[in-house]
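Sharing a sequence plus its predicted fold:
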Amino acid sequence: MTLAIDVHELTRRFGSFTAVDSITFHVDEGEVFGFLGANGAGKTTAIKMLIGLLAPTSGRASVAGFDVLTQAEQVRRHIGYMSQRFSLYDDLTVRENITLYGGIYGLSDAQIRERGDALIRDLQLGKAADERVSALPLGWKQKLAFSVAVLHQPAVVFLDEPTGGVDPITRRQFWEMIYAAAARGTTVFVTTHYLDEAEYCDRVSIMVDGRIAAMGTPDELKRGNDVATLDELFVRLARPDDGSGATAGPSAAPGRS
Amino acid sequence: MSSAAPPLIVRDVGKCFDGVVALDDVSLEVARSELFGLVGPDGGGKTTLFRILATLLLPDTGSATVLGLDVARDMWAIRSRVGYMPGRFSLYPDLSVEENLRFFASVFGTTLEEGYDLIAPIYRQIEPFRGRRAGALSGGMKQKLALSCALVHRPDILFLDEPTTGVDAVSRREFWDLLDSLRDSGLPILVSTPYMDEASRCDRVALMQQGRILAIDAPGAIGARFPDRLFAIRGRDRYAMLQALRGYPHAVSTFPFGDELHYSDSRTEADPDATASEVRGFLRSKGFADAEVAPIAAGIEDTFMALMGAPEAAA
C-alpha cells in the first residue's frame, strides 16, 4: 500500500532560525490526519514544503507518491489545497470559480459542467450560483472552497484552518464533508485550532517549536499522557513552563512504523 | 445619568442594508464589571452592532447609550472613551509594535507612558518585540498588540469583535485570562466570539442569529433552554453511528462532539434512562455492539445549535 504522505527528517531553516526541525511521520491513504500546533510552531512552513511551494533545507517528503522537491509539479496536480485566508476569488461568481479551478486542475469542459452542477446541488447553492463569492456568508464560502479543492478528486487534500471563525453547526457540516471525502478515498491533512475537532481525526500530531512533540490516535494520546482532553495535552506541550512542568514522555509519540 | 445606570444600554435597535435586515429589534444591557458575550454565526449581526456602538454607523430605529451618551448625538464624546478592537487586524503592519502603540495613544491625546500601567500585563508579553513590524507578529502577539492599542487611552468600556479568531488554543486562553482581570478591575466588556468555550467564560451571553437575539442568560443557565432530551453516545465508529441515528424515528438531531456524539431525542416526557437503553438497543441492532448511551445536561453549544435550528447535514 502506498503512503499518501511520507515525511523523513524534513527540515527548513530561515537564516539561523529552524522553522521545521527534522520531522518524520507518514499518513495512510484515506486517513484523516490532524496537524496541530500553536501559532508559530511551524505548521504552515511544513505544509508549504508538502505542497511543493517551499524547498526543504534537508530531509525528504513525498506526497501521493511524488517527491516534493524533484516532482513538485506532479505533487501539485495530485493534491487539493484550501486555506482560511485565500481559496476563492471574491469577485468571481460561484460558477466562475468552479470553472476557473476546474480548468487549472485540468478537467474537461464536460467534467467541469457535470461536477460543478453536482457541487452546486449538494451545497444547495442553486440560487447563489451566479452571485459573487463575496456575497456568501463565511460558512458557505468555506464549504464551497472545500468542494472546489476536491473537484478534481485529488489523492490528498490539505486544509489549513478551514473552520476558523465558523459557527458550531457549519463547523460540523464541514467535518461531514471531510468524512465523506475520506470515505471516497481522499486523504485529508487538516490543521485546526479547535481541539474538539482534533477528536474527529484518525490520528493527530502536535507540533511545538518546529518539532513533533506528540503523535497518535486521539485515544492513544489521552491515555498515554493521562489527560481527559486533547486540549489539556495541547496546553501542557505548548506551554511547558506552566503548571506541573510535566512534559509528554515517550508515550506521547507512539511511533508507527 | 445616575451612577447606577448600566454603562451600555441597547433598546430596540434595528438596521437594514439595501433591504436586508442586519439587526432586528435588538435590546441588551451590560453592567459595570460585566463580561458580556455576543455569540452567533457569521452574518448574525454582531459586527453591525459593534459598529453602531462605536459610532461608525447610525441605527435606523431604536436607541443606544454608551456610558450614558447617545450613539447618534454624542459620537465624539463616546469615541474618546471607548476601546474598540475590530474583527479584522486593524493595526499598521509597517509600523513597529511600539510605533503602533504610540500612534494610537497620540490619536487619543495621551502617551504610551500615561497608559502604561493599564496595558502592562499584556504589553510586557510583547515588549521584547517592540521593534518588530506589527505585520510580522504571530497571531497571538497581534491580538495582544491590538488589545494594548484599544486600552492605551484608558477607555471606560471595551468592545471586542471576534478578538481571537485564528488564534491558537493556548493564546486564546491567555487572552481570556487578561479579559478576566480587566473585568475584575471594573471595566465593562462586550465581546463577540464563535468559540463556545469562550462563550462559557462570559458572565452573560446573547445568542444572535439573523440580526435577532435568541436568548440572553448566564452561560450555565442557557442549557436549561434546550428543548429536547440530550444523550452522549460513545462507540468506535462514530461517523457510521451518526448516520444510523439520523434514521431513528425519535431523533431530533445528532452532532459529533469531541470524542462523543450528542444525540437529541423528541421523547421529553419519557424516563431518560429508559430512552437511553432504547437508543442503545437500536444501535446494537444496527451492529454497533460497543455503543454506550447516557443522558446528559445540555451545554451552551448544544443549546445554541438547537435554537439556531439549522439542518444538521450539509447535503
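Looks like it came in fine. Predicted, not measured: the structure shown is a model, and the values here were computed from it.

quick one, helices of the stretch 1-150 of chain B?
Applying DSSP state H, counting those that start in this stretch to the stretch 1-150 of chain B gives helices spanning B:46-53, B:75-79, B:97-107, B:112-126, B:139-151.

next one: the stretch 101-250 of chain A
A:109-122, A:138-149, A:168-183, A:195-198, A:218-225, A:230-238.

Which among those helices is found nearest to residue B:274?
Closest to residue B:274 of those is helix A:168-183 (CB to CB; 28.0 Å). (C-beta placed from N, C-alpha, C; glycine too.)

can you list the helices of the stretch 101-250 of chain A in JSON lines and add mean neighbour count, mean pLDDT and distance to chain B?
Formatted as JSON lines, these follow (neighbours: other CB atoms under 10 Å in any protein chain shown; pLDDT from 0 to 100; distance: least, CB to the nearest CB, whole Å):
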{"stretch": "helix A:109-122", "mean neighbour count": "15", "mean pLDDT": "94", "distance to chain B": "4"}
{"stretch": "helix A:138-149", "mean neighbour count": "23", "mean pLDDT": "91", "distance to chain B": "4"}
{"stretch": "helix A:168-183", "mean neighbour count": "21", "mean pLDDT": "90", "distance to chain B": "4"}
{"stretch": "helix A:195-198", "mean neighbour count": "24", "mean pLDDT": "92", "distance to chain B": "4"}
{"stretch": "helix A:218-225", "mean neighbour count": "18", "mean pLDDT": "96", "distance to chain B": "6"}
{"stretch": "helix A:230-238", "mean neighbour count": "22", "mean pLDDT": "92", "distance to chain B": "4"}
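
closest one to residue A:232 among the helices of the stretch 1-150 of chain B?
The minimum distance between residue A:232 and the helices of the stretch 1-150 of chain B falls on helix B:139-151, with 18.9 Å, by CB to CB.

Can you give me every residue that contacts the residue nearest the centre of chain B?
In chain B, the C-alpha nearest the mean C-alpha coordinate belongs to residue B:193, at 2.6 Å (CA atoms, centre = their mean). Shown in contact with residue B:193 (CB atoms under 8 Å, 6 or more residues apart in numbering or on different chains): B:37, B:38, B:39, B:162, B:163, B:164, B:199.

just curious, which of the residues you listed is nearest to residue A:38?
Nearest to residue A:38, judged by CB to CB, of those is residue B:164 at 13.0 Å.

wait, doesn't residue B:198 sit right on residue B:172?
Yes: counting by CB atoms under 8 Å, residue B:172 is a contact partner of residue B:198 at 6.9 Å.

where do the contact lists of the two overlap?
With CB under 8 Å, 6+ apart, residue B:198 and residue B:172 have common neighbours residue B:164.

Residue ranges in chain B under the pLDDT threshold?
Within chain B, the stretches with pLDDT under 70 are B:1-3, B:310-315.

among the helices of the stretch 1-150 of chain B, which is nearest chain A?
Chain A lies closest, by CB to the nearest CB, to one member of the helices of the stretch 1-150 of chain B: helix B:139-151, at 4.1 Å.

could you give the angle of that closest one to helix B:112-126?
160 degrees (axes from the mean of the first three to the mean of the last three CA atoms, to 10 degrees).

anything in helix B:139-151 near chain A?
Yes: using CB under 8 Å from any CB of the partner chain, we find that helix B:139-151 touches chain A at B:139, B:140.

following that helix, which helix or strand comes up?
Of the helices and strands lying after helix B:139-151 in sequence (DSSP states H and E), the nearest is strand B:157-161.
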